[in-house]
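Peer 1: Based on what follows, work out the 3D shape:
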Amino acid sequence: MLHTWRAKRNKKGITLIELMLALLITTVVIGAVYGSFRAGLSTWKKSDVKTTVYQNVRITLDQMARE
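Peer 2: Numbering: from 1, shown residues only. From the prediction side, this is the model:
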């Protein structure tokens with residue numbers, strides 16, 4: 001009889017260990033996504049600065065060529 005009660009008890013809800021494991025997995029996934037986002041943002045900013053510099057150099061060279 002005791003064995004039957006434990007079997008029924010284990011089928012209800014989730015345990016604290018399962019909840020903590022799910023939280024850990026979620027945290028790792030969110031951390032990875034955030035890290036990728038930050039890396040992409042950093043790359044985009046560097047690219048934007050380079051593009052601005054190249055445009056300024058091109059404009060300056062065009063002006064020098066006209067004179």
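
Peer 1: could you point out which element follows the least confident helix or strand in the chain by mean pLDDT?
Peer 2: Taking mean pLDDT, DSSP states H and E as the measure, the chain has helix 2-10 as its least confident helix or strand, at a mean of 59. Next along the chain after helix 2-10, taking DSSP states H and E as the criterion, comes helix 16-66.

Peer 1: Check which helices and strands that following helix sits against.
Peer 2: Contact partners of helix 16-66 among helices and strands, from 3 or more C-beta pairs under 8 Å, 6 or more residues apart in numbering; DSSP states H and E: none. In short, each C-beta sits where N, CA and C put it, glycine included.

Peer 1: roughly how far is that helix from the heart of the chain?
Peer 2: Using C-alpha atoms, centre = their mean, to the nearest Å, the distance from the centre of helix 16-66 to the centre of the chain it belongs to is 10 Å.

Peer 1: Neighbours of Asn56, how many?
Peer 2: 10 (other C-beta atoms under 10 Å).

Peer 1: wait, Thr26
Peer 2: Neighbours of Thr26 (other C-beta under 10 Å): 10.

Peer 1: just Leu16 next, same as before
Peer 2: 7.

Peer 1: Arg38 too?
Peer 2: Residues near Arg38, counting by other C-beta under 10 Å, number 10.

Peer 1: Can you check what pLDDT the model gives it?
Peer 2: Among the per-residue scores, Arg38 holds a pLDDT of 97.

Peer 1: From Ala32, how far out is it?
Peer 2: 11 Å (C-beta to C-beta, to the nearest Å).

Peer 1: just Leu23 next, same as before
Peer 2: 15 Å.

Peer 1: do Thr52 as well
Peer 2: 31 Å.

Peer 1: Give me the below-cutoff pLDDT ranges for this structure.
Peer 2: For the chain, the stretches with pLDDT under 70 are 1-11.

Peer 1: 50 - rerun?
Peer 2: For the chain, no stretch has pLDDT under 50.

Peer 1: Report the central residue of it.
Peer 2: Val33 (1.8 Å; C-alpha atoms, centre = their mean).
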